[in-house]
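Trainee: turn this into a structure:
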Amino acid sequence: MESVTSIAREVREAIFSNLPPNAEITKIDFEGPKIAIYTRRPQIFLENDGELIKRIAKTIRKRVIVRGDETSRLDEKTASEIINSLIPKETGLKNIYFNESIGEVEIELLYPERVEQAILTRIFVETLWYPRVLRRPPVVSRSVREIREIYHAEVENRRRFLRDLGDRVYRKPIFKTDRVRIAALGAFQEVGRSAILVQTPETNILLDAGLKPTGNSDELPMFDLPEFDVDSLDAVVVTHAHLDHIGALPLLFKYGYKGPVYMTEPTLHLAKLLFEDYIKVSEKEGKPLLFSTREISSVILHTYTLNYGEVTDIAPEVRLTLYRAGHILGSALVHLHIGEGLINLVYTGDLKFARTMLLDPAHTKFPRAEVLIVESTYGSKNDILPSEEEARLELAKIILETIEKKGIVLIPVLAVGRAQEVLLAILDLIRNKIIPPVPIFIEGMIDEVSAVHMTFPEYLSLTVRNQVYNDQNPFTSENIHVYRGENKEEVTSTRPAIVLATSGMLTGGPVLEYLKILADDPNSSLVFVSYQVEGTLGRKILQGLRKLTFSNEGGKTITKDLKMGVYRVEGFSGHSDRRQLEAFLRRMEPTPRTVILNHGEKNKIEEFRSYLLSDWFRKKTRLSFNVLAPQNAESVRIV
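Mentor: Okay, here's the model as predicted:
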């Protein structure tokens, strides 16, 4: 504790040296990576556009937040009356919740973008409760409600976690940070189970903790490597909410991890849905459960959410910033600043360097970036995907042909990302009268995921964002039907129709029930719109498999010939194709010295590596960097 005490003393002394005599500070506390200053006069810190806060933050090189002194705050009833009188009616005030332990008041609004900062400042000054504005989704979101309820019920545990986190982050370093290495625990020369361990002499940070969707013995990352020790882990950073990047996260808590997890706020809400769905599908299919709802709650309580561009200390010598990745809602590129300018690492996770109907493209400008770890899912020279517009028209052609035969268009989708992109595309085709308004059935938590999208419109493209801000739900239409029944034949008897169901790679979920019914129907179509990992049923069908085995209600195995039309429409992918990967590398500032390829099948990785090292590429782009393609279980020293 001596090191924590000494650094806390240094921080307090630096803060007090910058304060005017009338600041009336009553307490300085660690609140995770933030330094919380409690005062009776918050207006002193808010004058001149918060100049005093900026000066303190610059002096101590830490994030600073000002809170009202607990003995000076107004009682909740009086504070509520003031808030109700100040918040404009057009913002749609729905709920007020007081977090007494840290002096925050959560103000839940339908339209938070309509409340001016001056009003929030006035609430803070008059009540001494720090206002935190939350969006109340215009459609009911179970995930959003339950996560907020968990935080409300676990206020003291959460406060204890934040204090412990502050101690972890601001401890005095024992070792000098003069070297850094990464250990490949998963998704190197393969797709699935993404996990990268970043090690310094002082710190161990895990980037992603995914599962491989095949369900084989290689399902989990290589947590058995000697480099990895859950007890020595200081932080976990998650790029986005797909199971191949986040599915093993609860398992870490099952085996004793008690540290922080960093991600964007939408990722947290989507992750909860994915974890719960994983348990539900595993139970239904009789698979052993890797984790329970208890571990899911632990993940939520130990998560520290960050906005894009928000710089945060996560260890004594490591600072983290998340940037837009363009892959799915809340997906992030990870930027780590390690040591006092020693090295900067960017990890893309999954990235899309193209504008889509749903999202803006990946961010390309960084303060520094000596090392880049980049996904290579579509790294082959033949991996040239059609544009989203071309994909829409291709999908329209398949739908029209299937409608003519009075069949069903079955589209396996990832509930997060691909479902929303494809749904927007189909609605656009209907709106422009390219296809008729046939019934669209969605199943497998797609509607709940869409509700989370409505909760965080600031992460969406400008077009979709403006729709939400103008009280329009882009994911709804009178011909969309959310199906929650068990009898799938209720849906398949409605013809023609479109069915969107999970999972996107046919590895489980309700889509398999629909496939069992429709497999031998030559009038229906099976349309793949997302990447099919090697070893999955979706990949096997694309490679020519036409005899499918299913279990009937009695558990007996039945075989069906696949007579549906099988199609692959790739323009909806959330991954960058070869051209987009190259464009990202060309646009990235600054140019990295070393590029490390991951998240790609072995042949695609090797082909992409050879291309990046070729004289032709270097002459064309004027880019020259060292290109590495490690295998799982290998370590690479990057400085």
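
Trainee: helices of the stretch 401-550 of the chain, start to end?
Mentor: 418-431, 446-455, 462-469, 489-492, 511-518, 537-542 (DSSP state H, counting those that start in this stretch).

Trainee: in the last one, what's buried?
Mentor: For helix 537-542, the buried set under the neighbour-count rule, 16 or more other CB atoms under 10 Å, comprises 537-539, 541. In short, each C-beta sits where N, CA and C put it, glycine included.

Trainee: wait, which of these is closest to Ile25?
Mentor: Gly538 (59.5 Å; CB to CB).

Trainee: hmm, the closest one is touching Phe528, no?
Mentor: Yes. The pair Gly538 / Phe528 is scored as a contact, 6.0 Å apart, by CB atoms under 8 Å.

Trainee: residues shared between the contacts of the two?
Mentor: Shared contacts of Gly538 and Phe528 (CB atoms under 8 Å, 6 or more residues apart in numbering): 412, 504.

Trainee: regarding the chain, what is its longest helix?
Mentor: Ranked by residue count, the top helix of the chain under DSSP state H comes out as helix 265-284.

Trainee: start to end distance for stretch 543-559?
Mentor: 18 Å (CA to CA, to the nearest Å).

Trainee: which residues sit against that stretch?
Mentor: Residues from elsewhere that reach stretch 543-559, judged by CB under 8 Å, 6+ apart: 512, 515-516, 519, 537, 541, 560-562.

Trainee: and stretch 618-630, by the same measure?
Mentor: 184, 188-189, 582, 585-586, 591-598, 605-606, 609, 612-613, 617, 636.

Trainee: where does the closest residue in space to Pro457 that isn't next to it in sequence land on pLDDT?
Mentor: Distance criterion CB to CB, 6 or more residues apart in numbering; nearest residue to Pro457, sequence neighbours excluded, is Val468 at 3.9 Å. Confidence at Val468, expressed as pLDDT, is 87.

Trainee: hang on, isn't Val468 packed against Pro474?
Mentor: Yes. Between Val468 and Pro474 there is a contact at 7.1 Å, judged by CB under 8 Å.

Trainee: and the host helix or strand of Leu395, average pLDDT?
Mentor: Per DSSP states H and E: Leu395 is located in helix 388-404. Mean pLDDT, computed over helix 388-404, is 96.

Trainee: repeat that for stretch 283-301.
Mentor: For stretch 283-301, the mean pLDDT works out to 92.

Trainee: now stretch 331-346
Mentor: Stretch 331-346 shows a mean pLDDT of 97.

Trainee: name the residues of that stretch that come out as buried.
Mentor: Residues 331-339, 342-346 are the ones in stretch 331-346 that count as buried (16+ other CB under 10 Å).

Trainee: just stretch 517-524 next, same as before
Mentor: Using 16+ other CB under 10 Å as the test for burial, stretch 517-524 gives 517-519, 521, 523-524.

Trainee: dump the residues you listed into CSV; add pLDDT and distance to Ile426 as well.
Mentor: Shown next, in CSV, are the buried residues of stretch 517-524 (pLDDT from 0 to 100; distance: CB to CB, whole Å):
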residue, pLDDT, distance to Ile426
Ile517, 95, 21
Leu518, 97, 18
Ala519, 96, 23
Asp521, 97, 21
Asn523, 97, 19
Ser524, 97, 16
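
Trainee: give the contact list for Asp577.
Mentor: Residues in contact with Asp577 (CB under 8 Å, 6+ apart) are 378, 383-385.

Trainee: meant to ask about Leu86
Mentor: Neighbour list for Leu86: 119, 122-123 [criterion: CB under 8 Å, 6+ apart].

Trainee: what are the ranges of the strands in the stretch 201-350 of the chain?
Mentor: 204-207, 235-237, 261-263, 303-305, 312-315, 318-324, 332-338, 343-347 (DSSP state E, counting those that start in this stretch).

Trainee: and the second one, what does it pack against?
Mentor: Spelled out, it's strand 235-237. Contact here means 3 or more CB pairs under 8 Å, 6 or more residues apart in numbering; DSSP states H and E; on that basis strand 235-237 packs against strand 204-207, strand 261-263, strand 312-315, strand 318-324.

Trainee: nearest to Ser72, of those?
Mentor: Of those, nearest to Ser72 by CB to CB is strand 312-315, at 29.0 Å.

Trainee: wasn't Ile35 part of a helix?
Mentor: No. Ile35: not assigned to a helix; according to DSSP: H, G, I helix; E, B strand; the rest coil it is strand.
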